[in-house]
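K.L.:
okay, here's the prediction I keep looking at, along with the sequence it came from:
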Amino acid sequence: MIVFITSDLMMASNANAHAKQQGVKISQVSTAQRGLEMVKEHRPQLLLVDLQCPGLDIPALGASLGVLADAIAPLTIGFAQHVEVDKLQTAKDAGFDQVLTRGQMNSQVGQIIAGAR
C-alpha cells in the first residue's frame, strides 16, 4: 500500500494509473495529519509527499515520521517544483528518504510504485 499526501489531482491521477497497472493500492489524502493517521493504521511501504501542499509543515511531518517505530515507518519520498529549492532542502533536512523535483517524480512514478510492491 502507498499513502500519497497531495492536493494536486493531476499528480494523484498519474500515480493512481500506475498503481492500478501494477496492482498496488494507493490512498490519496490532502493533509499531513490524515497521511500520518493512514501510516499508523495501514503501515504502507511508501509515503509520497507533495511538498507544495497548502499548509504542509515539512519539519513537523519529518519529526512525526521520525518517532514512528522502524517497523511502521514507510520509505518517504517528497517532491516539489525544481524552483522550490527551500522546500526541497527542508525535506532533506527533515529526514525524508528521497527528495525529487516534480519532473523527476512525474517521470519516475511508475518505477517508484513498482519498488513499493
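P.N.:
Yes, it's here.
K.L.:
pLDDT below threshold where in this protein?
P.N.:
Within the chain, the ranges that satisfy pLDDT under 70 run 69-71, 117.
K.L.:
state the helix or strand in which the one residue sitting closest to the centre of it lies.
P.N.:
Residue closest to the average C-alpha location in the chain (C-alpha atoms, centre = their mean): residue 48, at 1.2 Å. According to DSSP states H and E, residue 48 maps onto strand 46-50.
K.L.:
correct me if wrong: the residue nearest to the centre of the chain contacts residue 4.
P.N.:
Yes - the criterion here is C-beta atoms under 8 Å, and residue 48 meets it with residue 4 at 4.4 Å. Where C-beta positions appear, they are placed from N, C-alpha and C, glycine not excepted.
K.L.:
any shared contact partners between the two?
P.N.:
Both residue 48 and residue 4 are contacted by residue 15, under the criterion C-beta atoms under 8 Å, 6 or more residues apart in numbering.
K.L.:
partner residues bridging residue 98?
P.N.:
Counting by DSSP bridges, residue 98 is bridged to residue 77.
K.L.:
and it, how far from residue 89?
P.N.:
14 Å (C-beta to C-beta, to the nearest Å).
K.L.:
looking at the two, which one has more neighbours?
P.N.:
residue 98 (15 against 12; other C-beta atoms under 10 Å).
K.L.:
export stretch 50-68 as CSV, just CAs?
P.N.:
Taking C-alpha atoms only, stretch 50-68 is exported to CSV below (Å, rounded to 0.1, in the frame of the first residue of the first chain):
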residue,chain,number,x,y,z
ASP,A,50,3.8,16.7,-2.4
LEU,A,51,5.9,19.3,-0.6
GLN,A,52,3.7,22.1,-2.1
CYS,A,53,0.5,21.0,-0.4
PRO,A,54,-1.1,24.1,1.2
GLY,A,55,-0.4,24.3,4.9
LEU,A,56,2.2,21.4,4.9
ASP,A,57,4.7,21.8,7.8
ILE,A,58,7.6,19.8,6.4
PRO,A,59,9.8,19.7,9.5
ALA,A,60,6.8,18.7,11.7
LEU,A,61,5.9,15.9,9.3
GLY,A,62,9.5,14.7,9.3
ALA,A,63,9.7,14.8,13.1
SER,A,64,6.4,12.8,13.3
LEU,A,65,7.7,10.2,10.9
GLY,A,66,10.9,10.0,12.8
VAL,A,67,9.2,9.0,16.1
LEU,A,68,7.4,6.1,14.4
